[in-house]
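# Here's my sequence, what's the structure:
(chains A and B)
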There are 2 protein chains.
Amino acid sequence: MTISMYDISVGVFAARLKALASVLTAAEQNAGERKIDPQVFLTARLAPDMFALTRQVQIATDHAKGAPSRLAGREVPKYEDNEASFAELQARIAKTLDHLATFTAADLEGSEDRTVELRLGGREATLPGLQYLLNVATPNFYFHVTTAYDILRHNGVPLGKQTFLGNR
Amino acid sequence: MTISMYDISVGVFAARLKALASVLTAAEQNAGERKIDPQVFLTARLAPDMFALTRQVQIATDHAKGAPSRLAGREVPKYEDNEASFAELQARIAKTLDHLATFTAADLEGSEDRTVELRLGGREATLPGLQYLLNVATPNFYFHVTTAYDILRHNGVPLGKQTFLGNR
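Okay, the predicted model is just below:
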């Protein structure tokens, strides 16, 4: 078997986004059970200068939609970043999964060597595709998915790592 | 260029562990500046039923030492899990980086198809190497590295995502 760019981008992002959707479903349900305004969770953050839950989900999906698009040489879809409810975050994740479903392994074949142009820390940067995926898109994606989970755990939502991993 | 199991395991773990070492260096320095007992950071957690900082670092290194070893069919080195200071956590990361440095790309060639046996959620499981790396080792690794960072940010350590990414 050869390892494909598809497996390590679309495959990974799709699996983890489905798990993130489960995490958010559990959070919304928990807010209901504890009679907590969902906005409390949606606007919660771990430090005053860190992003709130909603923004964590937005950025996670940004990397998931952006990486395969850039690797395939396609336009990155623009989202409006106006989600303000759990339902809207779920819709954003679903829209991202739909976008991921438009890629085939063939679309990404050879993209490990394709030059990707992007803004990185406010500057234009160019990177080989594999380096962009492994050192920019994937760590950023995992950072925001994990931080979303951590915000909810910090707020008492009963989640386990198996939900984070997508095993239940 | 072909994508190697080495790149997506050893390469990723080593880069992120070096960044984690920088995160911990910044945390220890910040404790000193704020005259906070380092134990406060080392034992901090985001929820009563989540692991403290020390354990997050231990588990992150466990996945980093375990994955390439299992993929190469080597014994996984045993660590004693007795770290109780920033210096000892740094030593554990350094030891893990030394272990990662013993692997060559050739050691992991073809390991995408190798059957890996491990305990997963308390049960024995067997998985093809690539699936183990992408769906078990890597997400777990990122989970604990990110949560270590999140614990420190939550406790006011001035870190930025560029430190998490290893860019400064």
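
# quick one: A:A44 from A:Q58, how far?
Look at A:A44 and A:Q58: by CB to CB, to the nearest Å, they are 15 Å apart. From N, CA and C alone the C-beta is placed, and that goes for glycine too.

# With A:G66 instead?
Separation of A:G66 from A:Q58 (CB to CB): 12 Å.

# Just the buried positions in the lengthiest helix in chain A, please.
The residue-count maximum for a helix in chain A (DSSP state H) belongs to helix A:12-33. Within helix A:12-33, the residues that count as buried by 16 or more other CB atoms under 10 Å in any protein chain shown are A:12-14, A:16-17, A:19-24, A:26-28, A:30-31.

# The helix-or-strand element of chain A with minimal mean pLDDT packs against which elements?
Ranked by mean pLDDT, DSSP states H and E, the helix or strand of chain A with the weakest confidence is strand A:115-120, at a mean of 88. Where contact means 3 or more CB pairs under 8 Å, 6 or more residues apart in numbering or on different chains; DSSP states H and E, strand A:115-120 is packed against helix A:53-72, strand A:123-128, helix A:129-132.

# circling back: now, which of the buried residues of helix A:12-33 sits nearest B:E88?
Nearest to B:E88, judged by CB to CB, of the buried residues of helix A:12-33 is A:R16 at 31.7 Å.

# Spell out which parts of chain A neighbour chain B.
Applying CB under 8 Å from any CB of the partner chain, we find that chain A lies next to chain B at A:1-5, A:7-8, A:11-12, A:15-16, A:46-47, A:50, A:112-113, A:121, A:130, A:134-136, A:138-140, A:142-143, A:146-147, A:149-150, A:153-154, A:156, A:161-162, A:164-167.

# now those: which count as buried?
Among these, those classed as buried by 16+ other CB under 10 Å are A:3-5, A:7-8, A:11-12, A:16, A:46, A:50, A:112, A:130, A:134-136, A:138-140, A:142-143, A:146-147, A:149-150, A:153-154, A:161, A:164-166.

# Just the ones of those in helices?
Assigned to helices by DSSP H, the following of these qualify: A:5, A:12, A:16, A:130, A:138-140, A:142-143, A:146-147, A:149-150, A:153-154, A:161, A:164-165.

# Tell me who's in contact with the closest residue to A:L53 other than its chain neighbours.
Leaving out its chain neighbours, the residue that sits closest to A:L53 by CB to CB, 6 or more residues apart in numbering or on different chains is A:I151, at 4.9 Å. Going by CB atoms under 8 Å, 6 or more residues apart in numbering or on different chains, A:I151 touches A:F41, A:A44, A:R45, A:L46, A:A52, A:L53, A:Q56.

# Do you know the pLDDT at the residue nearest the centre of chain A?
In chain A, the centroid-proximal residue (CA atoms, centre = their mean) is A:A60; its distance is 2.6 Å. Note for A:A60: predicted pLDDT of 98.

# so how far is chain B from it?
According to CB to the nearest CB, to the nearest Å, A:A60 and chain B sit 12 Å apart.

# cool, A:V116 as well?
From A:V116 across to chain B, the span is 14 Å (CB to the nearest CB).

# mind listing what that residue touches?
If a contact means CB under 8 Å, 6+ apart, then A:V116 has A:R70, A:L71, A:T126, A:L127, A:P128, A:G129, A:Y132 as its contacts.

# Let's see that with 6 Å instead.
Going by CB atoms under 6 Å, 6 or more residues apart in numbering or on different chains, A:V116 touches A:R70, A:L127, A:G129, A:Y132.

# Not counting its neighbours along the chain, what's nearest A:T146?
Distance criterion CB to CB, 6+ apart; nearest residue to A:T146, sequence neighbours excluded, is B:T146 at 3.8 Å.
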